[in-house]
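K.L.:
Provided below for reference: sequence and predicted model.
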Amino acid sequence: MQERHDRIQWIYSSTNNEELRERYDQWAAEYDEDLAEGFAWNAPRNTSALLSKHVASGARILDAGAGTGLVGVALTHLGYTDLVAIDLSPGMLEEARRKQVYREFHQMVLGEPLDFETAIFDAVISVGVFTLGHAPASAFDELVRITKPGGHIVFSLRTDVYENDGFKEKYDGLEAAGKWKLTEMTDEFQPLPKGEPEVWHRNWAYRVS
């Protein structure tokens with residue numbers, strides 16, 4: 001267990017996207033065992049369940065920061081089949097391919113311009129990506145751009161990162177600008193109860209205007 005905990009801290013300590021990509025490439029083959037099995041990582045299931053309350057089953061959904069595809073598996077179990085995966089790590093995307101739940105795969109970096117047309121997705125889901133040393137709050141500008149008006153952006157976020165790293169200000173700013181409106185925010189939950197019980201997340205669902 002300590003080795004797994006050290007590996008997560010190693011990921012958190014990445015200082016730039018290139019280092020983060022390289023570390024995820026190295027971790028990809030053991031990611032599912034470490035998180036889903038070792039740490040009881042429940043955010044993919046919890047966040048997918050929230051999306052299912054607001055998004056129709058025939059929706060075209062972007063999994064932003066898909067990793068090894070655990071969110072895609074959870075969405076497939078809920079009846080969603082039109083799924084597109086992006087991630088900064090080719091190694092993680094290769095693991096996601098093996099799950100055979102996505103229609104498309106693209107290597108892209110959240111926080112940078114995304115190579116998608118405007119208003120192309122019915123919904124976006126992002127789980128475990130807005131955390132220490134990962135995608136910045138500015139990434140939401142592009143996620144809003146590529147989501148159709150009336151579509152939803154559903155995501156998990158560490159509560160300490162929300163308060164301290166500019167996410168609260170970004171959400172409020174997008175709402176004040178009329179870009180989106182809060183649909184639902186969950187209570188806090190422990191996404192890694194067996195591995196990092198001190199970490200708390202919330203899930204948010206916003207409707208794009």
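P.N.:
Noted; the coordinates are in hand.

K.L.:
in this protein, spot the helix with the most residues.
P.N.:
Counting by DSSP state H, the longest helix found in the chain is helix 17-32.

K.L.:
and that helix, what other elements does it pack with?
P.N.:
Using 3 or more CB pairs under 8 Å, 6 or more residues apart in numbering; DSSP states H and E, the elements in contact with helix 17-32 are helix 2-12, helix 90-99. C-beta coordinates here come from the backbone N, C-alpha and C atoms, glycine included.

K.L.:
got the contact list for it?
P.N.:
7, 10-11, 14, 34, 67-68, 70, 87-92, 94-95, 109, 111, 133-134 (CB atoms under 8 Å, 6 or more residues apart in numbering).

K.L.:
tell me the angle it makes with helix 90-99.
P.N.:
Per axes from the mean of the first three to the mean of the last three CA atoms, to 10 degrees, the angle that helix 17-32 makes with helix 90-99 is 30 degrees.

K.L.:
picking that back up, just put the helices and strands packed on helix 17-32 in a markdown table and tack on mean neighbour count.
P.N.:
Below are the helices and strands packed on helix 17-32 laid out as a markdown table (neighbours: other CB atoms under 10 Å):
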| stretch | mean neighbour count |
| --- | --- |
| helix 2-12 | 14 |
| helix 90-99 | 18 |
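
K.L.:
could you list the low-pLDDT ranges of the chain?
P.N.:
Residues of the chain that meet the criterion pLDDT under 70 lie in 1-5.

K.L.:
and the strands in this protein?
P.N.:
60-64, 82-87, 104-107, 121-130, 147-158, 180-185, 201-208 (DSSP state E).

K.L.:
tell me how far G79 lies from I61.
P.N.:
11 Å (CB to CB, to the nearest Å).

K.L.:
among the two, which residue is more densely surrounded?
P.N.:
More neighbours surround I61 than the other of G79 and I61, with 26 against 10 (other CB atoms under 10 Å).

K.L.:
neighbours around the closest residue to that one other than its chain neighbours, how many?
P.N.:
Closest residue to I61 apart from its sequence neighbours, by CB to CB, 6 or more residues apart in numbering: A123 at 4.8 Å. Look at A123: counted by other CB under 10 Å, it has 24 neighbours.
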